[in-house]
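Novice: Fold the following for me, if possible:
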Amino acid sequence: MNGPGGYQAIVFKVAFCYIGAIVGAGFTSGQELMQFFVSLEEKKVPALIVVAVLFAVYGWITLSLSQLYQSSDYGSFLKRLLGIRAAGLFDLVIGIFLFSGLGIMLSAAGAVFDEHLGLPFNWGVFLLGLGVAAVLFANAQGVLWLNTVLMPAKFLLVILVSGLIIFTSPYTPIHPEAAVLATEPITDSWVLAGVLNVSYNLILGLTILVSLAGPNLGPNLNMAGIWGGLGLGIFAGVIVGALASNWPQIAGYQVPMLYLAGQIHPGVKLLYTLVLGMGILTTAVACAYSLTLRLARTLKIPYFPTLLLILILATPLAQLGFGQLVRLIYPVFGYVGLVLLIGLTWRALESLS
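Specialist: Below is the predicted model of the structure:
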């Protein structure tokens, strides 16, 4: 593990975890990217460039500072980053975000089962909860293993399906609410759209990077942040390209990418259902792992019972609408997360001086 090959393997595993934490249901379903970027129309490309650059830069900064501070969880990291008083408040904010994120992933799993598989909503919720518990039984190694196995496959499948959508231009009936929804982007500013998207996503990205940098995976993992950021930029770019080729017809769909995949062929829809399932699982695991680790250490209670309690408490939140949760929760945390970006920038400049 200490040789060049072993070091590179760890770097890419951590990069995969960074990508996997962020590329969840909102990302792979197309719902999040549609609201933030596709609705900007001609301004979407510069916004996506902002996203790729910021994810890479702040991923690098987070890993660099985490190893400098020798943080074992995001709570101790925040104390060094923001100071004890501000860290206490932001610790609570992150906890709420992680809990909300887990609830959104459970809701997304239920929506896929209900709307696209014709199965009961709560089956999806239960099976995702079971999958999260199974993966996290192995703690940090479970997180690394899951993303190392799933991320390369998910990456290739997203590019394949998005390419098919772009080049085949499937017929897409206009959704009854498309005309209204297409005129309601999160913000008209492409710079702000990019910054807000990175800002709230980095809340989760930071928690997983700090959690993984702690278990002595090796020195100088900073390049994992760069590779992860570039990977996230590519993910966003190909999905936005697929959605933009069918805009504004798809503006009213809850899971637009899955709908477009189904317009090509039922087999392609099944393939993308697998991709979406991977995205939901990796993000749910990241949310649950970071929150469980923090609460178990703070409250001094066993890890696995804490995990089960969190999963049970998040289940009622899953009963709310997936698209509505994305639109309400993510932009709010985008503005809150600006504090995190400012803190990371300040400490990074301070460490260089």
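Novice: Can you say which helix or strand has the nearest residue to residue 37 once chain neighbours are set aside in it?
Specialist: Spatial nearest neighbour of residue 37, chain neighbours left out: residue 44 (4.5 Å); criterion: Cβ to Cβ, 6 or more residues apart in numbering. From N, CA and C alone the C-beta is placed, and that goes for glycine too. Applying DSSP states H and E as the criterion places residue 44 in helix 44-69.
Novice: Could you give the number of residues near the residue nearest to residue 37?
Specialist: 25 (other Cβ atoms under 10 Å).
Novice: From residue 190, how far off is it?
Specialist: 7 Å (Cβ to Cβ, to the nearest Å).
Novice: contacting residues for the residue nearest to residue 37?
Specialist: 37, 38, 190, 240, 244 (Cβ atoms under 8 Å, 6 or more residues apart in numbering).
Novice: Considering those residues, which possesses the most neighbours?
Specialist: Busiest of the contacts of residue 44 [other Cβ under 10 Å] is residue 37, holding 27 neighbours.
Novice: quick one, what contacts that one?
Specialist: Residue 37 neighbours (Cβ under 8 Å, 6+ apart): 44, 47, 48, 193, 197, 236, 240.
Novice: Mind giving me the PyMOL command for buried ones among those residues?
Specialist: Of these, the buried ones can be selected in PyMOL as follows, counting by 16 or more other Cβ atoms under 10 Å:
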select buried, resi 44+47+48+193+197+236+240
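Novice: Nearest to residue 155, out of the contacts of residue 37: which one, please.
Specialist: Of all these, residue 236 has the smallest distance to residue 155: 12.3 Å, by Cβ to Cβ.
Novice: Now do that closest one, the pLDDT please.
Specialist: Turning to residue 236, the model gives it a pLDDT of 92.
Novice: Repeat that for residue 333.
Specialist: For residue 333, the model assigns a pLDDT of 80.
Novice: if I look at the residue nearest to residue 37, how far off is residue 20?
Specialist: 24 Å.
Novice: List the buried residues of the helix holding residue 44.
Specialist: 44, 47-48, 50-52, 54-67, 69.
Novice: Repeat that for stretch 292-308.
Specialist: 292, 293, 294, 295, 296, 306, 307.
Novice: same check, this time on stretch 193-211
Specialist: 193-211.
Novice: any idea how far it is from the chain center?
Specialist: From the chain centre to the centre of stretch 193-211 is a distance of 8 Å (Cα atoms, centre = their mean, to the nearest Å).
Novice: could I have it exported to CSV, CA atoms only?
Specialist: Written as CSV, here are the backbone C-alpha positions of stretch 193-211 (Å, rounded to 0.1, in the frame of the first residue of the first chain):
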residue,chain,number,x,y,z
ALA,A,193,-26.0,28.7,-10.0
GLY,A,194,-22.5,27.1,-10.2
VAL,A,195,-21.4,28.3,-6.8
LEU,A,196,-24.7,27.3,-5.0
ASN,A,197,-24.5,23.8,-6.6
VAL,A,198,-21.0,23.3,-5.4
SER,A,199,-21.7,24.9,-2.0
TYR,A,200,-24.4,22.5,-0.9
ASN,A,201,-22.9,19.5,-2.5
LEU,A,202,-19.6,20.2,-0.8
ILE,A,203,-21.3,19.9,2.6
LEU,A,204,-21.6,16.2,1.9
GLY,A,205,-18.4,16.0,0.0
LEU,A,206,-16.4,17.5,2.9
THR,A,207,-17.9,15.1,5.4
ILE,A,208,-17.0,12.1,3.5
LEU,A,209,-13.5,13.3,2.5
VAL,A,210,-12.7,14.2,6.1
SER,A,211,-14.0,10.9,7.4
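Novice: rewinding a little: output the contacts of residue 37 in CSV, with distance to residue 117 appended to each entry.
Specialist: Below are these laid out as CSV (distance: Cβ to Cβ, whole Å):
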residue, distance to residue 117
44, 31
47, 33
48, 31
193, 32
197, 29
236, 26
240, 26
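Novice: so what's residue 283 up against?
Specialist: 20, 21, 22, 23, 24, 25, 101, 105, 204.
Novice: any idea which of the buried residues of stretch 292-308 is closest to residue 92?
Specialist: Among those, and counting by Cβ to Cβ, the member closest to residue 92 is residue 294, at 10.7 Å.
Novice: Any stretches of the stretch 101-250 of the chain with poor pLDDT?
Specialist: Across the stretch 101-250 of the chain, the ranges flagged by pLDDT under 70 are 139-140, 169-185, 214-220.
Novice: ranges for the helices of it?
Specialist: 121-136, 139-168, 178-181, 190-213, 222-244 (DSSP state H, counting those that start in this stretch).
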